[in-house]
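Peer 1: return a 3D structure for these sequence lines:
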Amino acid sequence: MNTRRRVRTGALALALALLAAACTAGGSGGGVRGTPGAAGLRDPYFPKLGNGGYDVTRYALTLSYDPATGRLDGRAEITAKATQDLSAFNLDLAGLTVRGATVGGAPAAVNRAGNELTVRPRDDIEEGAEFRTVVTYGGVPETITDSDGAEEGWLKTADGALALGEPTGSMAWFPGNHHPSDKAAYDITVTVPAGLKALSNGVLTAERRTADGRTTSVWHAAEPMASYLATLAIGRYDTATTTALGKVPVLTAADPVVAARTAALRARIPELLEWQQENFGPYPFAAAGAIVDRDDDVGYALETQTRPIFPAGSFDTTTLVHELAHQWYGDSVSPATWKDMWLNEGFATYAEWLYREDFEDLPAQKSFEKAFADDAPWAFPPAEPPAAEDLFGAPVYQRGAMVLHKIRQTLGDDAFYEILAGWPAKYRHGTAGTEDFTEYVESVADRDLSELWDVWLYGDGRPEHP
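Peer 2: The predicted structure is shown next:
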């Protein structure tokens, strides 16, 4: 380090002291010299979403909510593995006040800039090391209005709240790495006023317990989950339980106002999962179900993992088939970036077409022809939405399904159904993008399908012939 051959005794002592201080600042890992993790993953539509330098393996959220004041208090324990030598790292968090943070049990410095929470641990973290961060926070969570006008994040309801996260809303109720490419297991403990229920993803691991006028529920989602698929539903729900596929517990919940009129369709979930498993391969999770709320509480259905959420007005067979299909396509296999959204919605829409083909005597070809004749799906290529507000546009859904139907026409039913089950099997509990999909299909087809991709996936405008 020092190029001089001779150093005076005092200078040498000073140099050694500075070196020792630098090593201490560099961490207990023998002089690790870390750099800050990236404050964003450069997603095509949300470049600041997510963070670099680490991979989360588990979130343990301990939450307390008071509907009377709207206040949420939380403790987020985040277990992660460093993917570089880290001197600092970021978490996504919208609103809410951070009271403190620790890393490895030691106090860590934190500062905020917009939705970025920067955590600077006392010691640098060595690449490959597992570390645990604890953030305590609280406040009134935000409702986020998307560029397309939809509301997500934390939604106050008539008797509680709903937490919905697609595409960015999960940062409104807990700090984390909020990009679908970083999936993790979840343990969510929720305390609410007695008389209310708190429902989340996965399996209820213990009986609800009530003390001092408050009821606590503990939920466990073992399979990796993208943060936008995490949910929390608080209210006076009527619940029902059954079993699907011989072993999967099914829990459904409905607001009492809509419980009676949605009960029959909720009871069909085991039957629908049986049919989907025959087509899409083994069901990927340890739990299933649905949550149905009033129309004025939520304006859209969402495929929250293991327990999709629905407004009562759109809780019909088609929508239920769509959201349950997402458990394979979008939840188990999540998009590598938000640009790959068509892989979620194209498959889920095609599941609707298959249901009509199998149960309503309407061939998928007829659904394809109807979509082809509509102008809306041709506004842009499904794999290249122009902007974030286009992620939920007709081309992503309808033309995405048309891409799948063209694969079926081109390769035949045997190869197509091999792809339907093989794709979610290959990337089970992982993430994948459009290039991964086209390469996989070509490996099954054993030939180049560039013309199909160029016209149907990336082409501008409607082809001359369907």
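Peer 1: the helices in the stretch 151-300 of the chain, which residues?
Peer 2: 259-266, 269-280 (DSSP state H, counting those that start in this stretch).
Peer 1: what is the neighbour count of the spatially closest residue to A240 that is not a sequence neighbour?
Peer 2: Excluding its sequence neighbours, the residue lying closest to A240 (C-beta to C-beta, 6 or more residues apart in numbering) is T252, at 5.2 Å. The way it works is simple: take the backbone N, C-alpha and C, and place the C-beta from them, glycine included. T252 has 24 neighbouring residues, counting by other C-beta atoms under 10 Å.
Peer 1: one step back: most tightly surrounded among the helices of the stretch 151-300 of the chain?
Peer 2: Mean neighbours per residue, mean count of other C-beta atoms under 10 Å, is largest over the helices of the stretch 151-300 of the chain for helix 269-280, with a mean of 17.
Peer 1: could you pull up the mean pLDDT of it?
Peer 2: Mean per-residue pLDDT for helix 269-280: 98.
Peer 1: what's the answer for stretch 91-99, then?
Peer 2: Rounded mean pLDDT across stretch 91-99 is 97.
Peer 1: biggest helix in this structure, by residue count?
Peer 2: Selection of the longest helix in the chain by residue count, based on DSSP state H, yields helix 341-359.
Peer 1: which strands and helices sit next to it?
Peer 2: Other elements packing on helix 341-359 under the criterion 3 or more C-beta pairs under 8 Å, 6 or more residues apart in numbering; DSSP states H and E are helix 269-280, helix 317-325, strand 333-335, helix 364-373, helix 400-411, helix 434-445.
Peer 1: and the angle for it with helix 317-325?
Peer 2: Angle of helix 341-359 versus helix 317-325, following axes from the mean of the first three to the mean of the last three C-alpha atoms, to 10 degrees, is 130 degrees.
Peer 1: re earlier: for the helices of the stretch 151-300 of the chain, which one sits closest to E130?
Peer 2: helix 269-280 (33.8 Å; C-beta to C-beta).
Peer 1: could you check the pLDDT of A394?
Peer 2: 98.
Peer 1: before we move on, what about the one 3 residues further on?
Peer 2: We have a pLDDT of 98 for Y397.
Peer 1: and it, that one's in a helix?
Peer 2: Yes: counting by DSSP: H, G, I helix; E, B strand; the rest coil, Y397 falls inside a helix.
Peer 1: for it, what are its contacts?
Peer 2: The contact partners of Y397, by C-beta atoms under 8 Å, 6 or more residues apart in numbering, come to 345-346, 348-349, 377.
Peer 1: using TSV, please lay out these together with pLDDT.
Peer 2: Putting the contacts of Y397 into TSV (pLDDT from 0 to 100) gives the following:
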residue	pLDDT
E345	98
G346	98
A348	98
T349	98
P377	98
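Peer 1: top of these by neighbour count?
Peer 2: Neighbour counts for the contacts of Y397, by other C-beta under 10 Å, peak at E345, which reaches 28 neighbours.
Peer 1: reformat the helices of the stretch 151-300 of the chain as CSV; add distance to G153.
Peer 2: Converted to CSV, the helices of the stretch 151-300 of the chain look like this (distance: least, C-beta to C-beta, whole Å):
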stretch, distance to G153
helix 259-266, 25
helix 269-280, 27
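Peer 1: on that earlier part again, and the longest helix of the chain, how far out from the chain middle?
Peer 2: The chain centroid and the centroid of helix 341-359 are separated by 20 Å, computed with C-alpha atoms, centre = their mean, to the nearest Å.
Peer 1: now do stretch 225-233
Peer 2: Averaging C-alpha positions (C-alpha atoms, centre = their mean) puts stretch 225-233 6 Å from its chain's average.
Peer 1: C-alpha coordinates for it, CSV please?
Peer 2: Extracted in CSV, the C-alpha atoms of stretch 225-233 (Å, rounded to 0.1, in the frame of the first residue of the first chain):
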residue,chain,number,x,y,z
MET,A,225,-43.6,-15.4,-3.6
ALA,A,226,-43.1,-12.1,-5.5
SER,A,227,-43.9,-9.2,-3.2
TYR,A,228,-46.7,-7.9,-5.5
LEU,A,229,-48.6,-11.2,-4.8
ALA,A,230,-48.6,-10.7,-1.0
THR,A,231,-51.9,-9.7,0.4
LEU,A,232,-53.6,-8.8,3.7
ALA,A,233,-57.4,-8.6,4.0
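Peer 1: list the buried residues of stretch 444-457.
Peer 2: Burial within stretch 444-457, assessed by neighbour count using 16 or more other C-beta atoms under 10 Å, is assigned to 445, 449, 452-453, 456-457.
Peer 1: how long is it end to end?
Peer 2: Start and end residues of stretch 444-457 are separated by 18 Å (C-alpha to C-alpha, to the nearest Å).
Peer 1: what lies in contact with that stretch?
Peer 2: Applying C-beta under 8 Å, 6+ apart, the contact partners of stretch 444-457 are 381-383, 399, 402-403, 406-407, 410-411, 415, 418-419, 422, 434, 438, 441-442, 463.
Peer 1: which among the residues you listed end up buried?
Peer 2: For the contacts of stretch 444-457, a burial check counting by 16+ other C-beta under 10 Å picks out 381-383, 399, 402-403, 406-407, 410-411, 415, 419, 422, 434, 438, 441.
Peer 1: show me which of these is closest to T239.
Peer 2: Relative to T239, the closest of those is G422; by C-beta to C-beta it sits at 35.6 Å.
Peer 1: how about that closest one, what does it touch?
Peer 2: Going by C-beta under 8 Å, 6+ apart, G422 touches 281, 440, 444.
Peer 1: how near is it to G281?
Peer 2: 8 Å (C-beta to C-beta, to the nearest Å).
Peer 1: cool, and E345?
Peer 2: Distance, E345 to G281, using C-beta to C-beta: 19 Å.
Peer 1: which one of the buried ones among the contacts of stretch 444-457 sits closest to T191?
Peer 2: T434 (42.1 Å).
Peer 1: ok, that closest one touching E384?
Peer 2: No: proximity of T434 to E384 does not meet the contact threshold set by C-beta atoms under 8 Å, at 9.3 Å.
Peer 1: what sits in contact with each of these two?
Peer 2: Counting by C-beta under 8 Å, 6+ apart, the contacts common to T434 and E384 are K339.
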